[in-house]
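Enquirer: Fold the following.
(chains A, B, C and D)
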Protein chains: 2
Amino acid sequence: MGKAKATRGDRAGAATTAEKIRAAAEELFCLRGFEAVSVADVAERAGVNKALVFYHFESKAHLFDLVLARYYDAHTAALAGAFADEGALAERLHRVVDAYLDFMADNRRYAALVQQQLTEPGTHARIRRHLEPLLRFLEQALAGATPPKGPLAGRQFFVTFSGMVTHYFTYAPLLGALWGGDPMSRAALDERRAHVHWLVDAILARLADERPAKARPARARTR
Amino acid sequence: MGKAKATRGDRAGAATTAEKIRAAAEELFCLRGFEAVSVADVAERAGVNKALVFYHFESKAHLFDLVLARYYDAHTAALAGAFADEGALAERLHRVVDAYLDFMADNRRYAALVQQQLTEPGTHARIRRHLEPLLRFLEQALAGATPPKGPLAGRQFFVTFSGMVTHYFTYAPLLGALWGGDPMSRAALDERRAHVHWLVDAILARLADERPAKARPARARTR
DNA sequence: GGGCGCTTTGACCGAGCGGTCAACCCGGTG
DNA sequence: CACCGGGTTGACCGCTCGGTCAAAGCGCCC
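Expert: Numbers count the residues shown, from 1 in each chain, chains lettered A, B, ... in the order given. The predicted model follows:
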């Protein structure tokens, strides 16, 4: 139906109605989640009649899907770039961690939004398609350093790394009260960044210690 | 008002109405979250008239608070026991990790429920009171091994450890589709457990490597 | 038996929700 | 000018929600 095609000149500064609605939806969904935002809220924020939302997007769910899809794409793009093949493994991982942290800092409610989505099985297929390439990226990057199966397989580190990064942001509103100070401040974010980098190094060091014992016939520990 | 006091003999097997409601609420809230469960749902599940819910508990929010409080208490109790002072640091941390994993496995929706709570600032005070002792436990346990400030402070590891554990469970419904196999199966849970234990050891090893360089006047790297 | 007080019931309420509809506005075209 | 068709409007619908209420049920003690 309404395909939000701008027939007019599309001059900068004059956002189309559909764009205004999408922007308002993005803002509100990220602020309060899907259920807590009504279509009337979105329309009001966009400065637009409620019925227009249904004219341009066919339902609240569709609108939400669109917002989510944009997030997922931005997320994947941000990380995919950082996975670029150049540099040593440690360097690549540090790049990815930085990109991840930056993305989360720029889209603070994103983690909560995704987490909320995990509750509804209907959306699993989409999230899976989103997560799958990221998992493959990491598995491929780690291929030389970790075994393909078992507790040290890449997929375990996938959960671990993403947890280390996202957990900070989902808990941020609480951490502010638990620690003194704002966990979203520049200084706090830098501290978290340093922590995660340290963790990556610690993990790689340990993996390097273990690998030889597995790759070659088991012997006494080198080093 | 209605204080759910059982005046009768309270014979085992015959749950009071209030208890039936609480049990039903616990079940449903943990299955689908707060918003997605209606009072009518709870009443039906409990086999009870809807108005009774408001008679025994004064509102849906109160009922939810009660369920949450029980979870928080159980969580704190489970971890506090594991923090017991005996054994080396590594041993204590392994015990805590095990207790944490066990608790999460037994209360699978708990993480999602808490995460959902983080969205609503009104509940932060309660969660903070719940998390605070756990943070102090870990900070105290790590006191000898980590600096009090900066990227390696205990509070960073608090976020990291809880993330490593809980992230697995919040993402579990997706991981089943991403990996083959059920991430909640006994084998998968054991694998995750082994992974987290390995991480704890890796972290402690790295900390042990770093400590001497910090504790004594900085010198060339030993080892 | 009769009154008392807790428990239970079903009917009801106002509000808010996602979504629809018929009508209207308005610039472009013949 | 009339016509056309996409953009826009406000009124409206059916439904579900959390919560209320007056009345009924019921064990208990005088």
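Enquirer: Sort out which residues of the longest helix along chain A are buried, please.
Expert: Ranked by residue count, the top helix of chain A under DSSP state H comes out as helix A:186-215. By 16 or more other Cβ atoms under 10 Å in any protein chain shown, the buried positions in helix A:186-215 come out as A:188-189, A:191-193, A:195-200, A:202-204, A:206-207, A:210. Where C-beta positions appear, they are placed from N, C-alpha and C, glycine not excepted.
Enquirer: now A:Asp135: how far from B:Gly181?
Expert: Quick fix: residue A:135 is Leu, not Asp. 14 Å (Cβ to Cβ, to the nearest Å).
Enquirer: Looking only at neighbour counts, state which of these two leads.
Expert: Shown here are A:Leu135 and B:Gly181; by other Cβ atoms under 10 Å in any protein chain shown, A:Leu135 has more neighbours (18 against 10).
Enquirer: where in chain A is pLDDT low?
Expert: In the predicted model, chain A carries pLDDT under 70 at residues A:1-14, A:211-223.
Enquirer: repeat that with 50
Expert: Residues of chain A meeting the criterion pLDDT under 50: A:1-13, A:214-223.
Enquirer: Show me what from chain A comes close to DNA strand C.
Expert: A:Val37, A:Ser38, A:Val39, A:Ala40, A:Asp41, A:Lys50, A:Ala51, A:Phe54, A:Glu58, A:Ser59, A:Lys60, A:Ala61 (Cβ under 7 Å from any atom of the strand).
Enquirer: can you count the residues close to the nearest residue to A:Leu63 once chain neighbours are set aside?
Expert: In space, and not counting its chain neighbours, A:Leu63 is closest to A:Phe57: 4.4 Å by Cβ to Cβ, 6 or more residues apart in numbering or on different chains. A count of neighbours around A:Phe57, defined by other Cβ under 10 Å, yields 23.
Enquirer: So which of the residues of chain A next to DNA strand C sit within strands?
Expert: If you go by DSSP state E, those have nothing in strands.
Enquirer: What about A:Ala143, how many residues nearby?
Expert: Neighbour number of A:Ala143 under other Cβ under 10 Å is 12.
Enquirer: Excluding chain neighbours, give the residue nearest to A:Tyr163 in space.
Expert: Tyr isn't right for residue A:163; it's Gly. B:His167 (2.9 Å).
Enquirer: show me what contacts that neighbour?
Expert: Residues in contact with B:His167 (Cβ atoms under 8 Å, 6 or more residues apart in numbering or on different chains) are A:Val159, A:Thr160, A:Ser162, A:Gly163, A:Thr166, A:His167.
Enquirer: one step back: next, give me the two most distant ones among the residues of chain A next to DNA strand C.
Expert: Taking Cβ to Cβ as the measure, those span a maximum distance of 18.2 Å, between A:Asp41 and A:Glu58.
Enquirer: surely A:Thr142 meets A:Phe83?
Expert: One correction, residue A:142 is Leu, not Thr. No: when contacts are counted by Cβ atoms under 8 Å, A:Leu142 is not listed as touching A:Phe83 (11.1 Å).
Enquirer: hey, what's in contact with both of these two?
Expert: By Cβ under 8 Å, 6+ apart, no residue touches both A:Leu142 and A:Phe83.
Enquirer: And these two? Which one has more around it.
Expert: Using other Cβ under 10 Å as the criterion, A:Leu142 and A:Phe83 rank with A:Leu142 on top: 25 against 18.
Enquirer: which non-adjacent residue is nearest the more buried one?
Expert: Closest to A:Leu142 by Cβ to Cβ, 6+ apart is A:Gly154, at 4.3 Å.
Enquirer: And the closest residue to A:Glu191 other than its chain neighbours, its phi and psi?
Expert: Ranked by Cβ to Cβ, 6+ apart and with sequence neighbours excluded, the top spatial neighbour of A:Glu191 is B:Pro151, at 5.2 Å. Dihedral angles phi and psi of B:Pro151 (degrees, to the nearest 10) take the values phi -60, psi -20.
Enquirer: repeat for the one 5 residues further on
Expert: In terms of degrees, to the nearest 10, the main-chain angles of B:Gln156 are phi -70, psi -40.
Enquirer: if I look at it, how far off is A:Gly180?
Expert: From B:Gln156 to A:Gly180 the distance is 15 Å (Cβ to Cβ).
Enquirer: With neighbour numbers in mind, choose between the two.
Expert: For B:Gln156 versus A:Gly180, neighbours defined as other Cβ under 10 Å are more numerous around B:Gln156 (23 against 6).
Enquirer: residues near A:Asp182, how many?
Expert: 13.
Enquirer: I should have written A:Ala172 there, sorry.
Expert: 22.
Enquirer: likewise A:Asn49?
Expert: A:Asn49 has 12 nearby residues by other Cβ under 10 Å.
Enquirer: isn't it right up against A:Ala43?
Expert: Yes: counting by Cβ under 8 Å, A:Asn49 touches A:Ala43, with 6.2 Å between them.
Enquirer: about what we covered before: so between A:Asp41 and A:Glu58, which is more surrounded?
Expert: A:Asp41 (17 against 12).
Enquirer: Chain neighbours aside, what residue packs nearest to the more buried one?
Expert: A:Leu28 (5.7 Å).
Enquirer: From DNA strand C, how far out is the spatially most central residue of chain A?
Expert: Centroid-nearest residue in chain A: A:His75, 5.0 Å away (criterion: Cα atoms, centre = their mean). Distance of A:His75 to DNA strand C, computed by Cβ to the nearest atom of the strand, to the nearest Å: 25 Å.
Enquirer: List the contacts of stretch A:43-52.
Expert: A:Thr17, A:Lys20, A:Ile21, A:Ala23, A:Ala24, A:Ala25, A:Glu27, A:Leu28, A:Val39, A:Ala40, A:Val53.
Enquirer: what about stretch A:112-119, distance to the chain center?
Expert: 11 Å (Cα atoms, centre = their mean, to the nearest Å).
Enquirer: ok, back up a step: of all the contacts of stretch A:43-52, which comes closest to DNA strand D?
Expert: Using Cβ to the nearest atom of the strand, A:Thr17 is the member of these that lies nearest DNA strand D, at 3.5 Å.
Enquirer: what's the domain layout of chain A?
Expert: Chain A breaks down by automatic domain parsing into domains covering A:8-57, A:60-211.
Enquirer: Is the longest one positioned near DNA strand D?
Expert: No: Domain A:60-211 does not reach DNA strand D (Cβ under 7 Å from any atom of the strand); its nearest approach is 12.2 Å.
Enquirer: How about stretch A:20-28?
Expert: No: counting by Cβ under 7 Å from any atom of the strand, DNA strand D has no neighbours in stretch A:20-28; the shortest distance is 8.9 Å.
Enquirer: what comes up buried for that stretch?
Expert: Residues of stretch A:20-28 classed as buried by neighbour count (16+ other Cβ under 10 Å): A:Lys20, A:Ile21, A:Arg22, A:Ala24, A:Ala25, A:Glu26, A:Glu27, A:Leu28.
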